[in-house]
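1. Coordinates only, no sequence provided:
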């Protein structure tokens with residue numbers, strides 16, 4: 001404010017404030033800091049853009065586009081305001097529910113941002129309050145972030161849809177994961193993606209459901225002290241690596257099969273040498 005006031009004192013207000021006329025007064029839409037500085041400097045007038053009075057939805061969306069995009073609101077702040085946007089949209093559209101595309105179009109947020117906000121909106125109240133307290137701390141002291149809760153909720157949603165009986169009490173699972181993250185057993189928020197891979201390993205790499213369930217129950221046991229990465233590396237990583245190798249071999253086979261049929265494919269001298277070495281290696285492996 002002091003810097004802005006010094007600039008206005010010297011150069012004046014270069015960007016007009018934005019207002020709309022309502023009965024016998026004007027209502028400020030954008031430019032509160034410029035207005036406050038002008039008041040403190042006792043300026044007799046300020047430049048202003050006068051717009052038509054917006055509807056409640058238009059006014060709310062103006063705030064979104066001014067603050068969420070220009071001032072980079074955090075996701076929780078945006079999420080807390082989305083229900084108002086949705087309510088006004090319904091009111092102005094005959095009760096119709098806005099789609100993700102509608103919300104993206106009217107707020108200026110991407111559809112990905114809308115989805116992230118909805119994950120936070122669906123959090124139980126006590127976890128939203130926990131996140132609010134965390135965000136109020138100085139950045140260096142913040143341990144739990146919005147991304148932490150978003151990644152955790154995505155993983156729990158995946159587990160719940162694939163192996164629902166692995167999470168008998170959802171809040172208890174959340175508390176355990178938060179505790180393990182604070183204690184360091186879970187080292188990175190991206191570990192939650194590996195929790196999702198454990199749950200989907202039944203379909204993706206042919207792991208038996210009982211094994212995946214036991215692994216998830218171990219991770220969600222606060223007394224175990226075991227993190228996601230540890231369980232994933234010991235029991236599931238190799239299966240996913242095997243799948244990658246299988247897919248690569250299939251691609252190589254298709255390429256070489258086409259070459260064997262006489263299709264015009266580029267197989268130079270260096271590639272021929274590598275294929276010959278690969279063939280010998282495969283023979284040794286199959287002989288073991």
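-> The structure has been received and is ready for your questions. Computed from a predicted model, the values in this text were never measured in an experiment.

2. how about the residue nearest the centre of the chain, what does it touch?
-> In the chain, the residue lying closest to the centroid (CA atoms, centre = their mean) is residue 116, at 4.7 Å. Residue 116 makes contact with 75, 146, 150, according to CB atoms under 8 Å, 6 or more residues apart in numbering. Every C-beta, even on glycine, is put in place using the N, C-alpha and C of the backbone.

3. List the buried residues for the strand or helix carrying the last one?
-> Looking back up the chat, that one is residue 150. Per DSSP states H and E, residue 150 falls inside helix 146-162. Residues of helix 146-162 classed as buried by neighbour count (16 or more other CB atoms under 10 Å): 146, 148-156, 158-159, 162.

4. Which member of the contacts of residue 116 is positioned nearest residue 189?
-> Comparing the contacts of residue 116 against residue 189 with CB to CB places residue 150 closest, at 8.6 Å.

5. With adjacent residues omitted, what lies nearest to that closest one?
-> residue 119 (4.8 Å; CB to CB, 6 or more residues apart in numbering).

6. Then residue 239?
-> residue 205 is the one closest to residue 239 (CB to CB, 6+ apart), at 4.2 Å.

7. wouldn't the one you found be in contact with residue 241 here?
-> No - applying CB atoms under 8 Å, one finds residue 205 not in contact with residue 241, separated by 9.5 Å.

8. May I see the domains of this protein written out as residue ranges?
-> What the record gives for the chain is the domain set 2-51, 57-64+75-122, 139-234, 241-287, from automatic domain parsing.

9. Export those domains to JSON lines and append columns for distance to residue 133 and mean pLDDT.
-> Output for these, formatted as JSON lines (distance: least, CB to CB, whole Å; pLDDT from 0 to 100):
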{"stretch": "domain 2-51", "distance to residue 133": "27", "mean pLDDT": "90"}
{"stretch": "domain 57-64+75-122", "distance to residue 133": "11", "mean pLDDT": "87"}
{"stretch": "domain 139-234", "distance to residue 133": "9", "mean pLDDT": "94"}
{"stretch": "domain 241-287", "distance to residue 133": "41", "mean pLDDT": "79"}
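
10. Of these, give the one that comes closest to residue 128.
-> Using CB to CB, the domains of the chain put domain 57-64+75-122 closest to residue 128, at 7.0 Å.

11. and the helix holding residue 150, how far from the chain's centre?
-> Helix 146-162 sits 11 Å away from the centroid of its parent chain (CA atoms, centre = their mean, to the nearest Å).

12. before we move on, what about stretch 276-288?
-> For stretch 276-288 - counting by CA atoms, centre = their mean - the centre lies 45 Å from the chain centre.

13. quick one on the thing from earlier: so residue 205 and residue 241 - more neighbours on which side?
-> A direct count of neighbours by other CB atoms under 10 Å for residue 205 and residue 241 places residue 205 higher, at 17 against 11.

14. before we move on, the earlier item: out of the domains of the chain, flag the one nearest residue 132.
-> In terms of CB to CB, the element of those nearest to residue 132 is domain 57-64+75-122, at 6.7 Å.

15. Quick check: residue 89 touching residue 56?
-> No - look at residue 89 against residue 56 with CB under 8 Å: they stay out of range, at 10.4 Å.
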